[in-house]
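1. okay, predicted coordinates and the sequence, questions at the end:
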Protein chains: 4
Amino acid sequence: MMIIMRTNATQEQIAQVVDAVQMNGLRAHLSRGTERTVIGAIGDGRPVDRGQFSVLPGVDRVVPISRPYKLASREFSPENSTFPLDGVRIGGDEIVIIAGPCSVESRSQIIETALAVREAGAHALRGGAFKPRTSPYSFQGLGEQGLELLAETRELTGMPIVTEVISPELVPLVARYADVLQIGARNMQNYALLHAAGASQHTVLLKRGMSATVEELLMSAEYILSHGNRRVILCERGVRTFETSTRNTTDINAIPVLKALTHLPVVLDPSHSTGHWEYVNSIARAAVAAGADGLIVEVHPDPASALSDGAQSLKPERFAELVEQVKAIALAVGRSVAPIPQPHQPA
Amino acid sequence: MMIIMRTNATQEQIAQVVDAVQMNGLRAHLSRGTERTVIGAIGDGRPVDRGQFSVLPGVDRVVPISRPYKLASREFSPENSTFPLDGVRIGGDEIVIIAGPCSVESRSQIIETALAVREAGAHALRGGAFKPRTSPYSFQGLGEQGLELLAETRELTGMPIVTEVISPELVPLVARYADVLQIGARNMQNYALLHAAGASQHTVLLKRGMSATVEELLMSAEYILSHGNRRVILCERGVRTFETSTRNTTDINAIPVLKALTHLPVVLDPSHSTGHWEYVNSIARAAVAAGADGLIVEVHPDPASALSDGAQSLKPERFAELVEQVKAIALAVGRSVAPIPQPHQPA
Amino acid sequence: MMIIMRTNATQEQIAQVVDAVQMNGLRAHLSRGTERTVIGAIGDGRPVDRGQFSVLPGVDRVVPISRPYKLASREFSPENSTFPLDGVRIGGDEIVIIAGPCSVESRSQIIETALAVREAGAHALRGGAFKPRTSPYSFQGLGEQGLELLAETRELTGMPIVTEVISPELVPLVARYADVLQIGARNMQNYALLHAAGASQHTVLLKRGMSATVEELLMSAEYILSHGNRRVILCERGVRTFETSTRNTTDINAIPVLKALTHLPVVLDPSHSTGHWEYVNSIARAAVAAGADGLIVEVHPDPASALSDGAQSLKPERFAELVEQVKAIALAVGRSVAPIPQPHQPA
Amino acid sequence: MMIIMRTNATQEQIAQVVDAVQMNGLRAHLSRGTERTVIGAIGDGRPVDRGQFSVLPGVDRVVPISRPYKLASREFSPENSTFPLDGVRIGGDEIVIIAGPCSVESRSQIIETALAVREAGAHALRGGAFKPRTSPYSFQGLGEQGLELLAETRELTGMPIVTEVISPELVPLVARYADVLQIGARNMQNYALLHAAGASQHTVLLKRGMSATVEELLMSAEYILSHGNRRVILCERGVRTFETSTRNTTDINAIPVLKALTHLPVVLDPSHSTGHWEYVNSIARAAVAAGADGLIVEVHPDPASALSDGAQSLKPERFAELVEQVKAIALAVGRSVAPIPQPHQPA
């Protein structure tokens, strides 16, 4: 890190900072400018808390030099990480599409949706059994019954299941039913949950918190990776800003930024990132054009009767258009949408 | 709620919305303007998902009329809620000050700090045993050993203990040692944790998420209150904005807004809301001037050696100045800082 | 507008609001719910200040129903507005690309860049002669000399010129040289400038302010349109958020939102919206995939020696790749990049 | 500045950066860490564009060391700047209060308001004659007639006048009538206007842009100061965030931050920073508690009939309470509200 001194810092204050740097096992390297002195603190890459230096007398501010994440970084693993999602492989040249309702509401609803999105070209089925809701009075999901319906739908359609886990003690239960554990935006910094998901060695789809920076998303991925679990899919789902015409602001920049900083697959959720079904297809196309490895999209057979997120859910026929549009964009960027594995014969 | 139709909505679309409103057990009330029709959906106060109406053909947008929280609202309980925090009472005319280190680091550190902040005028001791940290490589707290040190310090000083709980399954353990369960900003929408804290019937200090709206904070409080647990203290700790000269942006407006909307006590954390010890005393004064019921402040005997949050921690002598300044402000707004109960004789 | 009363509003307060509504020439329409009364104020579409109602006793809040802009709205003009930009037409099926340096720095620099971007496929040349800079000590542009160099370059290459105007009294001067007057993000709400640009009857490229909502952008366009000047191009250039890995956050959602709300052409500036040349091509592709009508891109023959915005400027060869990539995306969405008109023969 | 190289930067790339640094007349200072090399570029304090270094091959990012403003900095002038505002002095120990309507609407309205706020304890009168409005259909102010009414009111009451100027060519006109030129939030980066206001040598009240950083506010002040005009008052008026319960989010942190960084007087506008009259008094108290040198407050004799900003305007009697409350807070922080100079005898 670089410790930038105030313009009026005394020699004694500079010496005190140098001492503190050395007491932390770091080498100090002085750079005296016309106005200010800067002290470089050079270590062996192990993290050191910067806060302690910023309180020393005469210090103006402390600037980090190293990135705080290691395992998630492109430098740690220059090649793209790819791993199987049942019969397809995510993170490579092929685009993977995950689709389904916000919540599992009933046997017929989830099966009908699964068949429709499979037919349209989706590779995996999403559907929430445990729902984090802003209001305690809103529908909270069917719980384990929802998981059983997902398992039955998997049996019927051969589609791998992506479903959310909202508490560390539920990880073993959800992992019994799901192919991919989804960690939602509100839980991106629920560290107990990140540890449990990492320890499960299950594939994890980690959504960016609604006001988390890209760096913080990577730090949360690092929690999972630190358990030796390398199967982490990152998901941009919109950030919170002042703009009110959409539910969130899709941070499309995050796609190329993440692809530059990390080797992990990156998908985008255009349903949450816009909040309006009319805008979903546009943003799905934009995501793939920008370099995303996949999409996760809300689809409901009858959005007007959905128990949650109806406004942002596509009808199956609109979703079929999305898949066709995304196929054209994928070709335009030299990629393709993954083919559907043979039904009922998951790899 | 009010359902606002598009300017070009057809009679048929309007009729369809009216049907949908009635099928949800609500009364529909039409208001035809020169440009648009607005349909009021009048119910009995039970929550109805708005999303389902926004997807109907011809609908422009749906505007809620009722507040989504009930138990937390000023209308539910016009009088300020007050409840004891050991020997003092929070939420009434007296200002309550909670102080202590970010993390419990050692026996001597926590006892020394407790004695110093007690001497300066603090009513309760804060200190983290389980620490949510952005990086998996940062100090994560002493865990149960930290709780034991807090209990020992409580014994010695008579100060009630405020400490964070980061996972639902830890609630019983932390509740055994702590007087107040703190739920941190990153966990404000960790609903499993809110349920567990509510069920514990323990006093809860609920911090606002760094990009949560005031309404979302009240919805999270509603989760706790819905368990019949009325002892919830709300805490403003700064929100995330574009400004980089401070760690967060103190939303001082939230103080009068919360006092208008809810009967619950409201405190402010000037340490996290600024991130710099130099600004803490100014913002502590501002909070009490704006109407806050208390403060929670980070104090460390040697900030430069703190294992976390050193940059924003006050030295004990600076904290003593804070208390004196806040006493003067309290008088200026017709209140006072609560007297310290007799040591070793908590009420 | 809808005036939502507090739950405890009295009959007298409701009557007073009804009176105020009627005194403003509006009809009042009451809707009494179980908890609250809502008063619809129905007018003839002329704007009425909402603030005056929100201060009446018993009023909780006031919700607008009509959109505040008229001439810019899709409802005013359901068809896309298109207009010529020299030999090409913007707003129709063809994608238009504007490229060039941030600032005009010298004769050779602007001519060299123009020839290079023309060769690569750009339709118009951008280049600043008057530069709004955060620091008074930064390069402020060549002023009128810069305009003359642009005019000479136009003569040589046949490319129409897009250049910024930063003050109302400069509008006649800049309009003498430029084909399109650019109004920068910092001036989006400089109303004197908007009026002057509207009155000039020149084509205007209006950039969104860095924290302006989509609605505010449309209100600023309305200022120009209200002078009978229908040639307004809207430009998304990124908004300010908490994210620091890019200079701004590209609000890609704004593309489909604007296309839904307005008939005006919409372009995107991936240079400012990312701030890093590495990300420009990704976001340019995303913009066209999302439905943008064009792009405005910074290109410099030697970014490392640019007097401004070097970090986000493309080298000509990278820009040539951008054009090829955008052509492929345009085809994928059923559009095409406009062909280059015959050189030296502008229409 | 410090130029931080990528972890995989080559020796050749490092050498190229060192060359570029030296060609800019700066000294290069290398610091080789275990992972990265950092190159310090040491100059004589003159500003150098950082962008050009960030595009060099192998560069990760460039970190500024010096502050970009000079004349506005506390280091340039360690003592607080104070200057007279007619009979009082701003920037010293005494708190100055500016009050009045958003817009001058009529002779009786402005005179009535002036007499009321003078009686309550205000030192200067605010009132807009030229109004920047989001909508071209809203009331735009009385223009020069409004200035004449302000001048007449000044004559009658002895109160100095603070009024907004929205265009550089209006500076001479407004300066003829006004004691203080107000530059509004939307114009904080209207550099032509900043230059004109600086050149006028008139006192300027510069409002922070709604998404401007503290540093950008100081850079805009630097434009005015660079004309040798030292009479600049900075005004915090709330920033734009995601929170919707108030019109803006008061950045109370900006008060102590600005007092640390600059010698210029700092005032706060609680009317705009909250947008609701109920919250104005709380935030006015908080501002003075945090260290503000003054307040600027909207007061209207009949807010419900105000042509602009009625919702955030105080009635005179409520404003009188504000002044009393602020007097108490001022005493609590060792300051006082300035006494009113003898009427009709301005110093």
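-> Ah, there it is. Remember, it's a predicted structure, so these values are computed and weren't measured experimentally.
2. for chain C, what is the nearest residue in the stretch 51-200 of chain A?
-> Using Cβ to the nearest Cβ, the closest approach of the stretch 51-200 of chain A to chain C is made by residue A:67 at 11.1 Å. Heads up, the C-betas are built off the backbone N, CA and C, glycines and all.
3. for residue A:127, see how far away residue A:21 is.
-> 53 Å (Cβ to Cβ, to the nearest Å).
4. so the two - more neighbours on which side?
-> Taking residue A:21 and residue A:127 together and counting by other Cβ atoms under 10 Å in any protein chain shown, residue A:127 has the greater number of neighbours (29 against 23).
5. residues in contact with that one?
-> A:100-104, A:110, A:113, A:146, A:150, A:153, A:161-163 (Cβ atoms under 8 Å, 6 or more residues apart in numbering or on different chains).
6. likewise for residue A:29?
-> A:39-42, D:31.
7. possible to save the residues you listed as TSV with neighbour count?
-> Formatted as TSV, the contacts of residue A:29 follow (neighbours: other Cβ atoms under 10 Å in any protein chain shown):
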residue	neighbour count
A:39	23
A:40	24
A:41	25
A:42	18
D:31	22
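8. out of those, which are inside strands?
-> A:39-42, D:31 (DSSP state E).
9. neighbours of the residue lying closest to residue A:25 once chain neighbours are set aside, how many?
-> The shortest distance from residue A:25 to any non-neighbouring residue, by Cβ to Cβ, 6 or more residues apart in numbering or on different chains, is to residue A:43 (6.9 Å). Residue neighbour count, defined by other Cβ under 10 Å, stands at 18 for residue A:43.
10. on the pLDDT front, check residue A:43 for me.
-> pLDDT, residue A:43: 77.
11. just checking, it touches residue A:26?
-> Yes. In this structure, residue A:43 is within contact of residue A:26 by Cβ atoms under 8 Å, at 4.5 Å.
12. quick one: the strands in the stretch 151-300 of chain A?
-> Applying DSSP state E, counting those that start in this stretch to the stretch 151-300 of chain A gives strands spanning A:161-164, A:180-183, A:203-207, A:232-236, A:266-268, A:294-298.
13. using a markdown table, lay out the ones you listed together with distance to chain C, mean neighbour count and mean pLDDT.
-> A markdown table is the format used below for these (distance: least, Cβ to the nearest Cβ, whole Å; neighbours: other Cβ atoms under 10 Å in any protein chain shown; pLDDT from 0 to 100):
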| stretch | distance to chain C | mean neighbour count | mean pLDDT |
| --- | --- | --- | --- |
| strand A:161-164 | 24 | 24 | 98 |
| strand A:180-183 | 20 | 24 | 98 |
| strand A:203-207 | 16 | 25 | 98 |
| strand A:232-236 | 11 | 27 | 98 |
| strand A:266-268 | 10 | 27 | 98 |
| strand A:294-298 | 13 | 28 | 98 |
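14. what about the nearest residue to residue A:325 once chain neighbours are set aside, neighbour count?
-> Once flanking residues are discounted, residue A:325 sits nearest to residue A:285: 5.4 Å by Cβ to Cβ, 6+ apart. When neighbours are defined as other Cβ under 10 Å, residue A:285 has 29 of them.
15. let me see the contact set for residue A:285.
-> Contacts for residue A:285 (Cβ under 8 Å, 6+ apart) come out as A:325-326, A:329, C:289-290, C:332-333.
16. cool, and residue A:318?
-> Per Cβ under 8 Å, 6+ apart, neighbours of residue A:318: A:277, A:280-281.
17. okay, now the residue in the stretch 201-347 of chain A that chain B sits nearest to: neighbour count?
-> In the stretch 201-347 of chain A, the residue that lies nearest chain B is residue A:211 (3.3 Å; Cβ to the nearest Cβ). If you count neighbours by other Cβ under 10 Å, residue A:211 ends up with 22.
18. the one 10 residues further on too?
-> Each residue near residue A:221 was counted by other Cβ under 10 Å, and the total is 24.
19. now swap in residue A:219 and tell me
-> Neighbour tally, residue A:219, other Cβ under 10 Å: 24.
20. give me the pLDDT for it.
-> Looking at residue A:219, the pLDDT reads 96.
21. report the longest helix in chain A, please.
-> helix A:316-332 (DSSP state H).
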